[in-house]
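Peer 1: any chance you could fold what I've pasted below:
(4 chains)
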Protein chains: 2
Amino acid sequence: MSTPETTVVRNGRIQSVDRASGILRALATGTPTLGVTEIADRIGLAKPTVYGLLRTLEHNGLVRQDPDSGKYSLGPAVLQLGNAYLAGSELRTRSMLRAAALARQVNEAVWVGVLTESDVMVVHHEFRPDDVVQILEVGATIPWHACALGHAIAAHIDDVTLRMLMSAPLRPLTGRTHTTKAALTRVLSKARVNGFAVENQESNVGEGGIAAPILDRHGVAAGSVGVVGPTERVLTAAATSVLSRAVVDTARAISRDMSGRRMAMSPDER
Amino acid sequence: MSTPETTVVRNGRIQSVDRASGILRALATGTPTLGVTEIADRIGLAKPTVYGLLRTLEHNGLVRQDPDSGKYSLGPAVLQLGNAYLAGSELRTRSMLRAAALARQVNEAVWVGVLTESDVMVVHHEFRPDDVVQILEVGATIPWHACALGHAIAAHIDDVTLRMLMSAPLRPLTGRTHTTKAALTRVLSKARVNGFAVENQESNVGEGGIAAPILDRHGVAAGSVGVVGPTERVLTAAATSVLSRAVVDTARAISRDMSGRRMAMSPDER
DNA sequence: TAATCCCGTTTGGTATTGTCGAACAAAAGC
DNA sequence: GCTTTTGTTCGACAATACCAAACGGGATTA
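Peer 2: Numbers count the residues shown, from 1 in each chain, chains lettered A, B, ... in the order given. Predicted coordinates for the structure are as follows:
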C-alpha cells in the first residue's frame, strides 16, 4: 500500500489517443499553426510527450510540419477524412436530391445540418439558384441555440442530450440571440407544435432561417433541413407560410426515405 | 530463452495513435461503416484493443456508432477538422484570388492541389463561370501520375519524394494513363522544360488539364494550379497555347506571393 | 562578436498504461 | 429451438508511453 490513492480512472479510453485528438482540436481552433511548446502549454503536457504524438500524427498525414519554421499545422489527411465522412453520410446522401428540389422550388439556399457537441454542422449546402457568388458553407458550425437548424433538432432529441445542450454556454451572437433556458424552452415547444423552427437574426444580423427536423424511425432527430436567407425575403408572413410548408414537406420526405420505405405510413409507432 | 522475436521497433511513434489513425483510414476507404470485428480483422488487432480505440475516437467525435446496428463510421468532427485545414491552408488562402481571376480570364474550372502520399488532393476548386451545375471537387484525390496537377508537382519535388512517387503502384485509370517510370520520367522532364504539364485523358476519358507548379522559396513545389475541362476545349493547339501561358503566370504570381514575407497577421511574431 | 534566450529534438529509466485471451449477453441466422 | 456472430466486459501481465533533464542550433540581444 505504498501507492498513494491517485484516483485510478477506469473509463476504458486510451489516454494517448485522447491526447492526440486534443492536439488536432487545438490545431483546428484559432491559430492554424502552433509550435510544440505552445501545444504543450495549451494542453498541459510535457513537451516530449506532445512531440511524440505530433510525430505520429505527422506520419499519418493528419498533421504537417512546416520545414522552415518547425511549427505544426493540420495535414491533408484530415481533409480526406472529412470528404470520406461526407461521402459516407447517409443523411447527406439521402438529403441531396430533395434539398436540390427544395432550393429550386423556393429559390433559396438550403442547408442540411447535424448535431455535433453543441453546434450544428452543415453537411450539405444547396446554393440558391439565382445567386452567382456564394460561399460554400459545408463543414461550418453554428451554435445550436442560434439557428433554426439547431432548434429543429433540439426540439426532437432525447432528454439527456437536450439537458446537455441546455447546460452548454448560450453565448449571444447578435442582440436577438436567445440566451436563457426559459426562452429556448419556449422556442423549442413552439417548434414542436408547428413542426418547424424559425430563426430571426439570432446568428447573423439581417439573416433568418426556417428549418424542420429529419427524424429517424424512433422519432428522434438525426439532423435537420432548412432554408436560409435575408430576413426581408424569407421572414415576411407570406414567405414564411410558403417556405415552412415546403421545408416541412422536404424534411418529412427525407425522414421517410431514411427510415427505409418499409412501412408505408404510421406516424408514431413504438 | 525469454527473448521474444518481436523485433522491438524504436521509431519514437506512439503505437496506439498509429493504430487509431489506421482505424480512421479504414473507415475512410471503401465501406463507410464497419463493425468492431471487421476493423479488428482488417488491421490485424485483437477485438478489445480496437474497441478501446473506437470508444476513445467516439468520445472525441471522430467516430460515431450507429445506435441501431452498433457499427461504426466516421464522425462529424473529422469534417470540422477538414474545414479547419482548408481555412488554415496558406497555399489555399493565397491561391483563391488568383484562381478566381484565372477562371474568369480563361472561362474554365481551376483547381489547386497539394501532394498527399501518392495522390494530389484538390484544396480549392474555382468553378467555370459559364457552367451552372458543377460538382465541388474539394477534398477529392487523384493519383499523381494521372493528372497535370500531379505532374507539375512531381517535376519540381525533392529526389527522395520523387523516388517514393515513382515506386508507388502506377495504376492505369484510362487507356492513356502513363504507367511506366520511363514514360513518366519523359513527361516530367518535358514539364520541367516547358514550365507546365499537360494531361490528355489520363484520368478521365474526354477530359484534360494544364497545370503549373507553385514553388516555395527554395524552388520546390508546394502545390500546383491548373485548368481542367473537356479535351476539345482545353487541348486544341490554340487553346493550349493561351491556357498554358495564363496558368504559368498564375502559378508564378502565387509562388511570388507565398515566398514574400509571411502572412500579414498578428504582430507577436518573434 | 560573444552571450543569451528559446526553440524543437533526443535520451533513458520508471511505472503507468494499453494490450489481448477468455468470457459475457444479446441479436441474427438457420 | 439451437447455433453462430455480434459488441462488450474483465483482469493480469509487460510492453508501452510518459516526462525530467539535457542537447544543439537559430535568432535576438549586448
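
Peer 1: the stretch 101-250 of chain A: helices as residue ranges?
Peer 2: A:148-154, A:159-167, A:181-194, A:231-234, A:237-258 (DSSP state H, counting those that start in this stretch).

Peer 1: enumerate the residues of chain A near DNA strand D.
Peer 2: Contacts of chain A with DNA strand D, taken as C-beta under 7 Å from any atom of the strand, map to A:12, A:15-16, A:19, A:45-49, A:52-53. To be clear about C-beta, it is placed using only N, CA and C from the backbone, and glycine gets the same treatment.

Peer 1: kindly recompute the last result at 6 Å.
Peer 2: Proximity of chain A to DNA strand D is confined to A:15-16, A:19, A:45-46, A:48-49, A:52-53 under the rule C-beta under 6 Å from any atom of the strand.

Peer 1: determine which two of the residues you listed are furthest apart.
Peer 2: Spatially, the most separated pair among these is A:Q15 and A:P48, at 15.3 Å (C-beta to C-beta).

Peer 1: give me the residue from chain A nearest DNA strand D.
Peer 2: Closest to DNA strand D within chain A is A:T49: 2.9 Å, counting by C-beta to the nearest atom of the strand.

Peer 1: which one of the helices of the stretch 101-250 of chain A lies nearest to DNA strand C?
Peer 2: DNA strand C lies closest, by C-beta to the nearest atom of the strand, to one member of those: helix A:237-258, at 17.3 Å.

Peer 1: please name every helix or strand in contact with that closest one.
Peer 2: Packing partners of helix A:237-258 (3 or more C-beta pairs under 8 Å, 6 or more residues apart in numbering or on different chains; DSSP states H and E): helix A:90-106, strand A:207-215, strand A:221-230, helix A:231-234.

Peer 1: if we can go back for a sec, adding mean neighbour count, write the helices of the stretch 101-250 of chain A out as a markdown table.
Peer 2: Formatted as a markdown table, those follow (neighbours: other C-beta atoms under 10 Å in any protein chain shown):
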| stretch | mean neighbour count |
| --- | --- |
| helix A:148-154 | 30 |
| helix A:159-167 | 13 |
| helix A:181-194 | 15 |
| helix A:231-234 | 17 |
| helix A:237-258 | 18 |
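
Peer 1: nearest to B:G195, out of those?
Peer 2: helix A:148-154 (47.3 Å).

Peer 1: hmm, the closest one in reach of chain B?
Peer 2: No - contact between helix A:148-154 and chain B is absent, the nearest approach being 12.5 Å (criterion: C-beta under 8 Å from any C-beta of the partner chain).

Peer 1: that older thread, close to chain B as well: tell me which of the residues of chain A next to DNA strand D qualify.
Peer 2: When contact is defined as C-beta under 8 Å from any C-beta, these meet chain B at A:16, A:52-53.

Peer 1: mind listing what's buried in stretch A:111-122?
Peer 2: A:111-116, A:118-122 (16 or more other C-beta atoms under 10 Å in any protein chain shown).

Peer 1: so that stretch, near chain B or not?
Peer 2: Yes - judged by C-beta under 8 Å from any C-beta, stretch A:111-122 comes into contact with chain B at A:114, A:116-117, A:121.

Peer 1: and that stretch, how far out from the chain middle?
Peer 2: 2 Å (C-alpha atoms, centre = their mean, to the nearest Å).

Peer 1: also stretch A:62-69?
Peer 2: On the basis of C-alpha atoms, centre = their mean, stretch A:62-69 sits 29 Å off its chain's mean C-alpha point.

Peer 1: how much space separates whichever residue of the stretch 51-200 of chain A sits closest to DNA strand C from A:Y51?
Peer 2: At 3.6 Å from DNA strand C, A:G70 is the closest residue in the stretch 51-200 of chain A, using C-beta to the nearest atom of the strand. From A:G70 across to A:Y51, the span is 11 Å (C-beta to C-beta, to the nearest Å).

Peer 1: next one: A:A152
Peer 2: Note on A:A152: its distance to A:Y51, by C-beta to C-beta, is 44 Å.

Peer 1: can you pull the domain assignment for chain A?
Peer 2: As assigned by automatic domain parsing, chain A contains the domains A:15-79, A:89-258.

Peer 1: any idea of the mean pLDDT for the longest one?
Peer 2: What domain A:89-258 shows for mean pLDDT is 95.

Peer 1: wait, does that domain contact DNA strand C?
Peer 2: No - Domain A:89-258 lies out of reach of DNA strand C by C-beta under 6 Å from any atom of the strand, never closer than 12.9 Å.

Peer 1: ends of that domain, how far apart?
Peer 2: 12 Å (C-alpha to C-alpha, to the nearest Å).

Peer 1: quickly note the distance from the nearest residue to A:T33 once chain neighbours are set aside to A:N83.
Peer 2: Spatially, and ignoring its direct neighbours in sequence, A:T33 is nearest to A:S73 (4.2 Å; C-beta to C-beta, 6 or more residues apart in numbering or on different chains). A:S73 sits 18 Å away from A:N83, going by C-beta to C-beta.

Peer 1: count the neighbours of the residue in the stretch 151-270 of chain A that DNA strand C sits nearest to for me.
Peer 2: Closest to DNA strand C within the stretch 151-270 of chain A is A:R217: 12.9 Å, counting by C-beta to the nearest atom of the strand. By other C-beta atoms under 10 Å in any protein chain shown, 14 other residues sit near A:R217.

Peer 1: and for A:P48?
Peer 2: 11.

Peer 1: that one sits in which helix or strand?
Peer 2: Assigned by DSSP states H and E, A:P48 belongs to helix A:47-59.

Peer 1: who's in contact with whichever helix or strand comes after that helix?
Peer 2: Later in the chain than helix A:47-59, the nearest helix or strand by DSSP H and E is strand A:63-65. For strand A:63-65, contacts defined as C-beta atoms under 8 Å, 6 or more residues apart in numbering or on different chains pick out A:23-24, A:27, A:54, A:57-58, A:71-76.

Peer 1: could you dump those into JSON lines and include distance to A:I39, secondary structure and pLDDT?
Peer 2: Formatted as JSON lines, these follow (distance: C-beta to C-beta, whole Å; DSSP: H, G, I helix; E, B strand; the rest coil; pLDDT from 0 to 100):
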{"residue": "A:I23", "distance to A:I39": "6", "secondary structure": "helix", "pLDDT": "96"}
{"residue": "A:L24", "distance to A:I39": "10", "secondary structure": "helix", "pLDDT": "97"}
{"residue": "A:L27", "distance to A:I39": "8", "secondary structure": "helix", "pLDDT": "96"}
{"residue": "A:L54", "distance to A:I39": "7", "secondary structure": "helix", "pLDDT": "95"}
{"residue": "A:L57", "distance to A:I39": "11", "secondary structure": "helix", "pLDDT": "96"}
{"residue": "A:E58", "distance to A:I39": "13", "secondary structure": "helix", "pLDDT": "95"}
{"residue": "A:K71", "distance to A:I39": "10", "secondary structure": "coil", "pLDDT": "94"}
{"residue": "A:Y72", "distance to A:I39": "7", "secondary structure": "strand", "pLDDT": "97"}
{"residue": "A:S73", "distance to A:I39": "11", "secondary structure": "strand", "pLDDT": "96"}
{"residue": "A:L74", "distance to A:I39": "12", "secondary structure": "strand", "pLDDT": "97"}
{"residue": "A:G75", "distance to A:I39": "15", "secondary structure": "coil", "pLDDT": "96"}
{"residue": "A:P76", "distance to A:I39": "19", "secondary structure": "helix", "pLDDT": "96"}
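
Peer 1: great, nothing more from me.
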